[in-house]
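**Student:** here you go, sequence then predicted model.
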Amino acid sequence: MPMKNDNIIWLIGDKVPEYRVFEPYSDIVCSFLSDLSQTLLKDKSVARYPDIVSFAYFCRKANILKKKQTFANTKIRLGRGIIFHISPSNVPINFAFSYIFGLLAGNGNIVRVPSKAFPQTDIVCSAIKLLFNDEKYDDIRASTAFVKYGHEDDITAYFSSIAQGRIIWGGDGAITYIRKFALPSRTVDIAFSDRYSFAVIDSDAVMDADTKEIERLANAFYSDTYLMDQNACSSPQLIVWRGDTCKEAQKKFWNTVAETASKKYVLQPVSAVDKYTKLCSEAIENSYVSAVSRYGNILYVADLIELPDIADNFRGTCGYFYQYHCDDLAEIAHIVNEKYQTLVYYGLSLPELSEFVTKNQLKGIDRIVPIGQALDIDVIWDGYDLIGTLSRIIDAR
């Protein structure tokens, strides 16, 4: 397929990237990401987009060097070659994280950005193109392409056929569809599919929290959920409460969340209609829902009287959550299948939660993080060590 295909929009680069590989966390890549962080944070328009700010902070020199130290490997490693990234359509900044994961592992990258227009795409691409004017980044520029195109299978097939690694972000159906495009025999294929996440909160800890702490907690929960309209796989949909002061703690927590969201969140009319329609549907059809508490249009909370084996169908959006009370976490072990990604928590200890996963031999849960860190994507994601997986080891003895 000629790369002058009229259906491809080249956002960065104008051809297939050259084969140039680096060692993981190479000095030039670390320098590039540090400069990218500074360039973005100097852009006044970035302040309107918390996801870009988070991305820029991730790229900070201190953060990248810390990860380099953690990765420290005695083996000889190089990138695998060209990584083909297929970004999700509903998380605007994901394409940028995917790119830097491929870059940190030492690879050239073809990044298919979302076909939907997002300001975040333009801002990040502009910053990268600005840095590519510096000749010290010629090798990175030559091995980078950002593209946008529609449903042209021949393009996806071609990019897949030349890749040494492919990363697919999307729903189960999209992943199955894209995997029909063949890869070279040694190509690594990583898929980030539909996942489900939930929170566990200790009610006594909430009751013990003073006003300042409960406001901090509500803000952290807001960041995990409302910022992405609960579209991120790591955003908790179900809140499991543990403890004897459950009712009082729920009231204290949700009132503060509603106050926080009412100050920060702009509920679009179509979202308000969708939420209310869902509420009506649940009242008629969902036998597991015993009651729904409404905090204006900004927040709905559905009480579950029981958790079925397949509870990952309980999904909300734009401030619609489910909650359940248990006395012991072992009571909810039966619901955790391979679709479960992130467990966010408050008031429980990490050893206790780790034991919950290991003792019950859970099929799912790849991340356990405090409330407020659900969206903190990292080089370990969905159970994958991305830098290790996207680089190859040269066994020298």
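**Tutor:** Sure thing, it's come through.
**Student:** list the contacts of stretch 40-56.
**Tutor:** 36-37, 59, 92-93, 96-97, 119-120, 123-124, 127, 223, 227-228, 375-376 (Cβ atoms under 8 Å, 6 or more residues apart in numbering). C-betas here are computed from N, CA, C, even on glycine.
**Student:** wait, doesn't residue 383 sit right on residue 366?
**Tutor:** Yes - judged on Cβ atoms under 8 Å, residue 383 makes contact with residue 366 at a distance of 4.0 Å.
**Student:** who's more crowded, the two?
**Tutor:** residue 366 (18 against 11; other Cβ atoms under 10 Å).
**Student:** can you show me the helices along the stretch 101-250 of the chain?
**Tutor:** Secondary structure of the stretch 101-250 of the chain (DSSP state H, counting those that start in this stretch): helices at 119-131, 138-142, 153-161, 172-178, 203-208, 211-225, 246-264.
**Student:** residue ranges of each domain in the protein, please.
**Tutor:** Domains of the chain are assigned by automatic domain parsing as 9-193+382-394, 196-370.
**Student:** and those domains as CSV, adding mean pLDDT?
**Tutor:** CSV is the format used below for those (pLDDT from 0 to 100):
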stretch, mean pLDDT
domain 9-193+382-394, 95
domain 196-370, 95
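**Student:** residues contacting residue 96?
**Tutor:** Residue 96 neighbours (Cβ under 8 Å, 6+ apart): 55, 120, 124.
**Student:** isn't there a helix covering it?
**Tutor:** Yes - according to DSSP: H, G, I helix; E, B strand; the rest coil, residue 96 belongs to a helix.
**Student:** for residue 116, see how far away it is.
**Tutor:** According to Cβ to Cβ, to the nearest Å, residue 96 and residue 116 sit 15 Å apart.
**Student:** so which residues of the stretch 251-397 of the chain form strands?
**Tutor:** Listed in chain order, the strands of the stretch 251-397 of the chain (DSSP state E, counting those that start in this stretch) span residues 289-295, 299-304, 320-326, 340-346, 367-370, 380-381, 384-385, 391-394.
**Student:** what helices or strands is the second one leaning on?
**Tutor:** In other words, strand 299-304. The contact analysis (3 or more Cβ pairs under 8 Å, 6 or more residues apart in numbering; DSSP states H and E) places strand 299-304 against helix 246-264, helix 269-285, strand 289-295, strand 320-326.
**Student:** how about the CA coordinates for that strand, as CSV?
**Tutor:** The C-alpha coordinates for strand 299-304 follow below in CSV (Å, rounded to 0.1, in the frame of the first residue of the first chain):
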residue,chain,number,x,y,z
LEU,A,299,-25.4,12.5,41.4
TYR,A,300,-27.4,9.3,41.5
VAL,A,301,-26.5,6.4,43.9
ALA,A,302,-28.2,3.0,43.5
ASP,A,303,-28.4,0.6,46.5
LEU,A,304,-27.8,-3.0,45.7
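**Student:** follow-up on the earlier one: quick one: which of the contacts of residue 96 has the most company?
**Tutor:** Busiest of these [other Cβ under 10 Å] is residue 124, holding 29 neighbours.
**Student:** if you skip the residues just before and after it, what's nearest to that residue?
**Tutor:** The shortest distance from residue 124 to any non-neighbouring residue, by Cβ to Cβ, 6 or more residues apart in numbering, is to residue 96 (4.8 Å).
**Student:** then residue 300?
**Tutor:** residue 320 (4.7 Å).
**Student:** residue 258 and residue 295 touch, don't they?
**Tutor:** Yes - in terms of Cβ under 8 Å, residue 258 counts as a neighbour of residue 295; the distance is 3.7 Å.
**Student:** who's more crowded, those two?
**Tutor:** Per other Cβ under 10 Å, whichever of residue 258 and residue 295 has more neighbours is residue 258, with 19 against 16.
**Student:** list the contacts of that one.
**Tutor:** 295-296, 298-299.
**Student:** just flag the most distant two among those.
**Tutor:** 296 and 299 (7.1 Å; Cβ to Cβ).
**Student:** who has more neighbours, the two?
**Tutor:** The neighbour count for residue 296 versus residue 299, taken as other Cβ under 10 Å, is higher for residue 299 (24 against 12).
**Student:** any idea how far residue 320 is from that one?
**Tutor:** Residue 299 is 8 Å from residue 320, by Cβ to Cβ.
**Student:** ok so, going back, CSV for the contacts of residue 96, including distance to residue 26?
**Tutor:** Below are the contacts of residue 96 laid out as CSV (distance: Cβ to Cβ, whole Å):
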residue, distance to residue 26
55, 20
120, 26
124, 21
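**Student:** buried ones among the contacts of stretch 40-56?
**Tutor:** 36-37, 59, 92-93, 96-97, 120, 123-124, 127, 223, 227-228, 375 (16 or more other Cβ atoms under 10 Å).
**Student:** now do the buried residues in stretch 173-188.
**Tutor:** Quick answer for stretch 173-188 (16+ other Cβ under 10 Å): 174-175, 178, 181, 183, 187-188.
**Student:** typo on my end, it should be stretch 195-207
**Tutor:** So stretch 195-207, judged by 16+ other Cβ under 10 Å, has buried residues 195-203, 205-207.
**Student:** kind regards, and thank you for your time.
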